[in-house]
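A.B. asks: one predicted model, sequence on top.
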Amino acid sequence: MRVAMLSSESLHSVFLGGLGAHVTELAAALQRRGHESHVITRRKDPQPDYDRIDGVHYHRIDHRASADDLDVARWMCEAMAQRFRHISAEVGGFDIAHAHDWLTAEALRAVMSESGVTGILTMHSTEYGRDGNVFHDGFARQVRDLEAAACHHADAVIAVSRFLAAELRRIYQAPEAKLHIVPNGVSYRAFDGAIDPAEVKGRYAIPPPAPTVFAPARMTVQKGLDLLVEAVPMLLADHPEARFVLAGEGPERESLKQRIEALGVARATVLLERLPYPHYLDLLRACDLVAVPSRNEPFGIVVLDAWSAGKPVVATTAGGPREFVRDSVDGVLVDADPNGLAYGIGSLLADLEKSRRMGLNGRQAVEDTFNWDRSAALTEAVYRAAAR
């Protein structure tokens, strides 16, 4: 099949995070399965308009900057639909158009209407979840309206977890017959290789013997880093040598910094900006465990990253991780509150040998189950069912 992915980001264009990695890896895996993969995405200067990478055709569009994300999405979708028309005329049409999240939903609707192409939508999260399980008005309501419309006009809707699929049914009345579950994958071999944990910890003034908890996440209410900060004093009472590394960017950064100071735990807490990918890999491999304290976690790609690095996770039950983290086998599942996080993290800090064994179990899980070839096979099945 000839497939056009419509995405606001990828690893080979504008790149923001998990969605971009998902699109890039899925497109390459579909190409390996014999499909013709095209990705229509935003251009990052000074990139060319077209590239072929890992067999995948990358078509990059120019885009405008604006403080209004709705304007950005509208302009981007118009440019994507136009590029889709041009490419379609050149190659003889597409079998599938596959959009990712609300930012490209209007482009999907346009190309479906114009060409009759089968339209697939992958939802990676919802605005409700990103807002920390709150229904805000204004911008948030407009985004929710776009998400709801997209779930109804697509021929099939892929959710990355059962948790997210249930949220789509509950909030948007997404038709059951259209919904499919395709978990994320991870390129686990990228996490291989020897490092010196002491050297990596030293970059952040962490003593080499200090047990280290790493929490990489967007600094938003949804991701719950404030819950982790509130748990730190409880953890230091039993594990005074422990260190906590929080890395990311977002609107909650300043309030997190202030709370760390107010609690008197600044000596044990390292607050970092979003890390370049190589530094992110290094910290995953150098830490002892990874915390995922989210209030709402549609899937939890960071869990797969942690396991790829051989590290166990402490994750809340508020989302996708509860579907695949095996409690006390490759991680610990806890309530989304400071007491729960303190209990789960403390149980691993108290037995680092058990923690290491759990991390190895996680690595086996990604090798067996959460690889991109499996995700591509499941996605292909959705394509074939929707195109019938």
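C.D. replies: That came in fine, so what should we check first?
A.B. asks: how near is Arg170 to Gly119?
C.D. replies: According to Cβ to Cβ, to the nearest Å, Arg170 stands 23 Å off from Gly119. Placement of C-beta: from N, CA and C, glycine included.
A.B. asks: more neighbours: these two, which one.
C.D. replies: Gly119 (24 against 11; other Cβ atoms under 10 Å).
A.B. asks: quick check: nearest residue in space to that one, chain neighbours excluded?
C.D. replies: Of all residues not flanking Gly119 in the chain, Met112 sits nearest, at 4.2 Å (Cβ to Cβ, 6 or more residues apart in numbering).
A.B. asks: next: Phe214.
C.D. replies: Cys287 (3.9 Å).
A.B. asks: that neighbour: what's it in contact with?
C.D. replies: Shown in contact with Cys287 (Cβ atoms under 8 Å, 6 or more residues apart in numbering): 212-214, 245, 311.
A.B. asks: average pLDDT across the host helix or strand of Val302?
C.D. replies: Under the criterion of DSSP states H and E, Val302 resides in helix 301-308. Mean pLDDT, helix 301-308: 97.
A.B. asks: name the helices or strands packed onto it?
C.D. replies: Packing partners of helix 301-308 (3 or more Cβ pairs under 8 Å, 6 or more residues apart in numbering; DSSP states H and E): helix 18-32, helix 277-286, strand 289-292, strand 313-316, helix 352-368.
A.B. asks: what's downstream of the first one, the next helix or strand?
C.D. replies: Downstream of helix 18-32, the first helix or strand assigned by DSSP H and E is strand 36-42.
A.B. asks: how distant is the helix-or-strand element of the chain with minimal mean pLDDT from the center of its chain?
C.D. replies: One helix or strand of the chain scores below all others by mean pLDDT, DSSP states H and E: helix 127-130, with a mean of 92. How far helix 127-130 lies from its chain's middle: 14 Å, per Cα atoms, centre = their mean, to the nearest Å.
A.B. asks: just checking, what packs against it?
C.D. replies: helix 139-153, helix 162-172.
A.B. asks: just checking, Arg32 touches Ala377?
C.D. replies: No - if you go by Cβ atoms under 8 Å, Arg32 and Ala377 don't touch, sitting 10.6 Å apart.
A.B. asks: just checking, Ala150 touches Leu108?
C.D. replies: Yes - using Cβ under 8 Å as the test, Ala150 is close enough to Leu108 to be in contact (6.8 Å).
A.B. asks: these two - which one has more neighbours?
C.D. replies: Leu108 (27 against 23).
A.B. asks: got the contact list for that one?
C.D. replies: 6, 97, 99, 119, 121, 150, 153-154.
A.B. asks: hmm, which two among the contacts of Cys287 are most spread apart?
C.D. replies: Val245 and Lys311 (12.5 Å; Cβ to Cβ).
A.B. asks: so for these two, which residues contact both of them?
C.D. replies: Taking Cβ under 8 Å, 6+ apart as the criterion, Val245 and Lys311 both touch 214, 287.
A.B. asks: neighbour count winner among these two?
C.D. replies: Using other Cβ under 10 Å, the more surrounded residue of Val245 and Lys311 is Lys311, with 28 against 22.
A.B. asks: wouldn't that one be in contact with Asn361 here?
C.D. replies: No - in this structure, Lys311 is not within contact of Asn361 by Cβ under 8 Å, at 10.9 Å.
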